[in-house]
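1. this one's sequence-less:
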């Protein structure tokens, strides 16, 4: 089965975050990876649209009970679980790429690292430190979409 | 987006149920519908294998945290929700076809009818009556895979 | 820890179902059992109010994100899981008593019997048969609140 | 209904974290608040035991399907949802107190702040900054159990 990569990020995103999301979607699709996203706007819609444009398979894992995605996707999982769908999203992923920062996105990073077995790549996102200011090991912080996708896919190939 | 049809049924199935499941999977795939199943054995594996053989898109919505399906699928959603995944499965469906009977299958029929908006077709499955023995309206009981798929897809087209 | 008994039933209930629910709530409270319910109206509110009146501990396991129960309870679990909360409700129970019939209630009966380890008592509720009309073994059908509570609590004591 | 305060923290905790947890449990119980916890060891068991010792009501919201808590509690919610139970835990809370740091605990902080309506107090826990190192507004960092409980309960009273 193809690699499944969850791409997480805020529904209200900056222009840079949207550009990053589109490039990540394009790269994942051209590498043959399945894109999982949250089925909302912002980063979620940008990655989905870009991956679909490049003939990728995109699965929206939505928090509500509707099938009305803001953008074209291949499959809709309407969990109706609220934010508990964040757990379903990351548990279904072979790797997670988080773009930008929001509390929902941070919950997905944390839940993915709680699993302790998949690469979690953060592009332009929030930092986590212990009380002394030392970064907590776990997330891999990168600066470009190319690095993000490379880190996600090569870690899986190990 | 293509129609998404959840096919539910027991992990331990009779030969007739397995034959039904294979034919339902074949028919859904040839009609271009996406097949959602629970990612287990028995009816779930039979419908998945048949749909994949006929070039269909199959999504396994699993109760646990593994991605190791008993059969080839296109996408794995590893919900890790236990039997609460039954709710995710039917909420994601545009129609539900239940083949055979089991408590898990009945929970999916009941959750689907709780939504009150999608066709729920039962092939060779359990019956539900009120205390006086009168059938409770809701499930559409059919006798053949052809009738099941026709009922599921034509109800959606209304 | 005290026995935890989930009492399930429709939000829109008949006068008989409400009378049954109140008596079940009273009996469970006087036997020292904790009452779990869905936090809605009808049977859920009736059993909660009666148990509280008799100094019982009542936990509402709600499908939404509000804490505004229609009746006084001791603890509110706001699952925000939609009908997937039905799984949480029955997994938390040492026994289930279902009063009356509805698709939500049937899903709880089915999910509870899927566990295959707790007593599931049905008072004045729907019947389940195989395709030949033979009752499917599992639910214990009773006629009075006294029988329902006795069956639930004595099965646990075995 | 009494205030419901979720107390989160790692299953493997330091001596300081355990001391903090016990004091938080004692204070919440003596203020009449209901304690929600994850039903595990470490911080979860310490806060539960202390609250029970001081006659508090403690609800364990467990990730698995067992009712076998490591310590005495009043009510067990066996969600069987895996880490998706973290969402149920914080959605059920009127305030969240996090003690110490772990990925599970961080997911609870993030999910609670995603709600944007309840106080989230962090005692001796991880810090979250944006990419420039600026703390992200939301969590209230405190240094003592007394401050944590005061912040949680007084914010609710506003």
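-> On my side now, so go ahead. This is a predicted model, so every value here is computed, not measured.
2. what does stretch A:121-134 contact?
-> Residues outside stretch A:121-134 that contact it (Cβ atoms under 8 Å, 6 or more residues apart in numbering or on different chains) are A:16-17, A:20, A:24, A:95-101, A:105-106, A:109, A:135-136, A:138-145, A:147-148, A:151-152, D:101, D:106, D:124-131, D:133, D:136. Placement of C-beta: from N, CA and C, glycine included.
3. Going by neighbour count, which residues of the longest helix anywhere in chain A are buried?
-> In chain A, taking DSSP state H as the definition, the longest helix is helix A:15-30. Residues A:17, A:18, A:20, A:21, A:22, A:23, A:24, A:25, A:26, A:27, A:28, A:29 are the ones in helix A:15-30 that count as buried (16 or more other Cβ atoms under 10 Å in any protein chain shown).
4. Run through the neighbouring helices and strands of that helix.
-> Counting contacts by 3 or more Cβ pairs under 8 Å, 6 or more residues apart in numbering or on different chains; DSSP states H and E, helix A:15-30 is packed against strand A:4-8, strand A:34-37, helix A:43-53, strand A:95-99, helix A:145-157.
5. angle of the helix or strand following the third one against strand A:4-8?
-> Pointing back at helix A:43-53 there. Where DSSP states H and E defines the elements, the next helix or strand beyond helix A:43-53 is strand A:58-62. Using axes from the mean of the first three to the mean of the last three Cα atoms, to 10 degrees, one finds that strand A:58-62 and strand A:4-8 are set 50 degrees apart in direction.
6. does chain C sit close to strand A:58-62?
-> No - against chain C, strand A:58-62 shows no contacts by Cβ under 8 Å from any Cβ of the partner chain, the least distance being 11.9 Å.
7. Who are the contact partners of residue A:8?
-> By Cβ under 8 Å, 6+ apart, the contact set of residue A:8 is A:37-38, A:43-44, A:89-90, A:96-99, A:104-105, A:108-109.
8. want to throw these into JSON lines with pLDDT and distance to chain C?
-> JSON lines is the format used below for the contacts of residue A:8 (pLDDT from 0 to 100; distance: Cβ to the nearest Cβ, whole Å):
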{"residue": "A:37", "pLDDT": "98", "distance to chain C": "21"}
{"residue": "A:38", "pLDDT": "97", "distance to chain C": "16"}
{"residue": "A:43", "pLDDT": "97", "distance to chain C": "23"}
{"residue": "A:44", "pLDDT": "97", "distance to chain C": "20"}
{"residue": "A:89", "pLDDT": "98", "distance to chain C": "15"}
{"residue": "A:90", "pLDDT": "98", "distance to chain C": "17"}
{"residue": "A:96", "pLDDT": "98", "distance to chain C": "22"}
{"residue": "A:97", "pLDDT": "98", "distance to chain C": "26"}
{"residue": "A:98", "pLDDT": "98", "distance to chain C": "23"}
{"residue": "A:99", "pLDDT": "98", "distance to chain C": "25"}
{"residue": "A:104", "pLDDT": "97", "distance to chain C": "14"}
{"residue": "A:105", "pLDDT": "98", "distance to chain C": "19"}
{"residue": "A:108", "pLDDT": "98", "distance to chain C": "17"}
{"residue": "A:109", "pLDDT": "98", "distance to chain C": "21"}
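9. Show me which residues of chain A sit near chain D.
-> Taking Cβ under 8 Å from any Cβ as the measure of proximity, chain A contacts chain D at A:81-84, A:86-88, A:91, A:101-104, A:106-107, A:110-111, A:113-114, A:116, A:124-131, A:133, A:136, A:138.
10. Just the buried ones from these?
-> The neighbour-count test (16+ other Cβ under 10 Å) marks A:81-84, A:86-88, A:91, A:101-104, A:106-107, A:110-111, A:113-114, A:124-129, A:136, A:138 as buried among those.
11. For chain A, which residues are neighbours of chain B?
-> A:1, A:4, A:34, A:57, A:59, A:61, A:65, A:67, A:69, A:72-81, A:87-88, A:91-92, A:94, A:115.
12. Just the buried ones from those?
-> For the residues of chain A next to chain B, a neighbour count by 16+ other Cβ under 10 Å gives the buried set as A:4, A:34, A:57, A:59, A:61, A:65, A:67, A:69, A:73-81, A:87-88, A:91-92, A:94, A:115.
13. Just to check, residue A:71 is in contact with residue A:45?
-> Yes - the criterion here is Cβ atoms under 8 Å, and residue A:71 meets it with residue A:45 at 4.4 Å.
14. which one of these two has more residues nearby?
-> Each of residue A:71 and residue A:45 has its neighbours counted (other Cβ atoms under 10 Å in any protein chain shown); residue A:45 has more, 25 against 19.
15. Quick one: residues contacting that one.
-> A:70, A:71.
16. these two touch, right, residue A:89 and residue A:61?
-> Yes - between residue A:89 and residue A:61 there is a contact under Cβ under 8 Å: 4.6 Å.
17. Return every residue with contacts to both of those two.
-> Shared contacts of residue A:89 and residue A:61, defined by Cβ under 8 Å, 6+ apart, comprise A:36, A:37, A:38.
18. Can you lay out the residues you listed as a markdown table showing neighbour count?
-> Below are the shared contacts of residue A:89 and residue A:61 laid out as a markdown table (neighbours: other Cβ atoms under 10 Å in any protein chain shown):
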| residue | neighbour count |
| --- | --- |
| A:36 | 30 |
| A:37 | 28 |
| A:38 | 28 |
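19. could you redo the residues you listed as TSV and give each row distance to residue C:120?
-> Output for these, formatted as TSV (distance: Cβ to Cβ, whole Å):
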residue	distance to residue C:120
A:36	36
A:37	39
A:38	36
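20. from the residues you listed, which is closest to residue A:156?
-> residue A:36 (13.8 Å; Cβ to Cβ).
21. partners of the nearest residue to that closest one once chain neighbours are set aside in the sheet?
-> Of all residues not flanking residue A:36 in the chain, residue A:6 sits nearest, at 4.3 Å (Cβ to Cβ, 6 or more residues apart in numbering or on different chains). Listed beta-bridge partners, residue A:6: residue A:36, residue A:96 (assigned using DSSP bridges).
22. list the contacts for residue A:6?
-> A:36, A:37, A:89, A:90, A:92, A:93, A:95, A:96, A:97, A:108, A:112.
23. swap the cut-off to 10 Å and go again
-> By Cβ atoms under 10 Å, 6 or more residues apart in numbering or on different chains, the residues touching residue A:6 are A:34-38, A:47, A:59, A:61, A:86, A:88-98, A:108, A:112, A:118, A:120, A:152.
24. how far out from the middle of the chain is stretch A:14-21?
-> Distance of stretch A:14-21 from its chain centroid, counting by Cα atoms, centre = their mean, to the nearest Å, is 13 Å.
25. just stretch A:76-89 next, same as before
-> Remark: stretch A:76-89 is offset 14 Å from the chain centroid, using Cα atoms, centre = their mean.
26. how far does it stretch from start to finish?
-> The first residue of stretch A:76-89 is 12 Å away from its last residue (Cα to Cα, to the nearest Å).
27. for the nearest residue to residue A:138 once chain neighbours are set aside, helix, strand, or coil?
-> Nearest residue to residue A:138, sequence neighbours excluded (Cβ to Cβ, 6+ apart): residue A:113, at 4.5 Å. Classification of residue A:113 using DSSP: H, G, I helix; E, B strand; the rest coil returns helix.
28. Isn't residue A:113 up against residue D:110?
-> No - when contacts are counted by Cβ atoms under 10 Å, residue A:113 is not listed as touching residue D:110 (11.6 Å).
29. With adjacent residues omitted, what lies nearest to residue A:101?
-> residue A:126 (3.9 Å).
30. The one you found and chain B: what is the separation?
-> Distance from residue A:126 to chain B, counting by Cβ to the nearest Cβ, to the nearest Å: 25 Å.
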